[in-house]
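> sharing a sequence plus its predicted fold:
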Amino acid sequence: MNTVKLKKGLLKMGIFIVLCFISPVILYQAFKNQDHRLFYIVLVIGIGLCITAIFYGFWAIRILINGLLGEKKTKSS
C-alpha cells in the first residue's frame with residue numbers, strides 16, 4: 001500500500017465530492033434565470049464543472065486503486 005498515492009487519491013476524491021455538489025447548483029441557477037443576460041456564461045461554467053467532476057471522479061478512483069493495490073505489472077520482453 002502506497003500511502004502517498006492514497007493521500008493524493010483521497011484529496012482528488014474530496015475535490016470530486018465538492019464539485020458534485022456545486023456544479024448541479026450552478027446549473028440549476030442558470031436554468032432558473034434563463035432571461036438574465038449572464039445565462040450562457042453561467043451555463044457554460046456549470047457544464048464545465050460537471051465535466052470536471054466526472055474527470056476527477058475517474059482520476060481519483062484510479063489513483064486510489066493504484067495506491068491500495070500497487071501499480072499494474074506488465075510483461076517485459
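Perfect, I can see it now.

> mind listing the helices for this protein?
Using DSSP state H, the helices assigned to the chain run over residues 3-32, 39-69.

> for these, give me JSON lines that also has mean neighbour count.
For glycine as for every other residue, the C-beta is placed from the backbone atoms N, C-alpha and C. Shown next, in JSON lines, are the helices of the chain (neighbours: other Cβ atoms under 10 Å):
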{"stretch": "helix 3-32", "mean neighbour count": "15"}
{"stretch": "helix 39-69", "mean neighbour count": "15"}
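
> where in this structure is pLDDT low?
77 (pLDDT under 70).

> what's the closest of the helices of the chain to residue 75?
helix 39-69 (18.0 Å; Cβ to Cβ).

> what's that closest one packed up against?
helix 3-32 (3 or more Cβ pairs under 8 Å, 6 or more residues apart in numbering; DSSP states H and E).

> what is the helix it packs on packed up against?
helix 39-69.

> switch the helices of the chain over to JSON lines; also include distance to residue 75.
As requested, the helices of the chain are arranged in JSON lines below (distance: least, Cβ to Cβ, whole Å):
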{"stretch": "helix 3-32", "distance to residue 75": "23"}
{"stretch": "helix 39-69", "distance to residue 75": "18"}
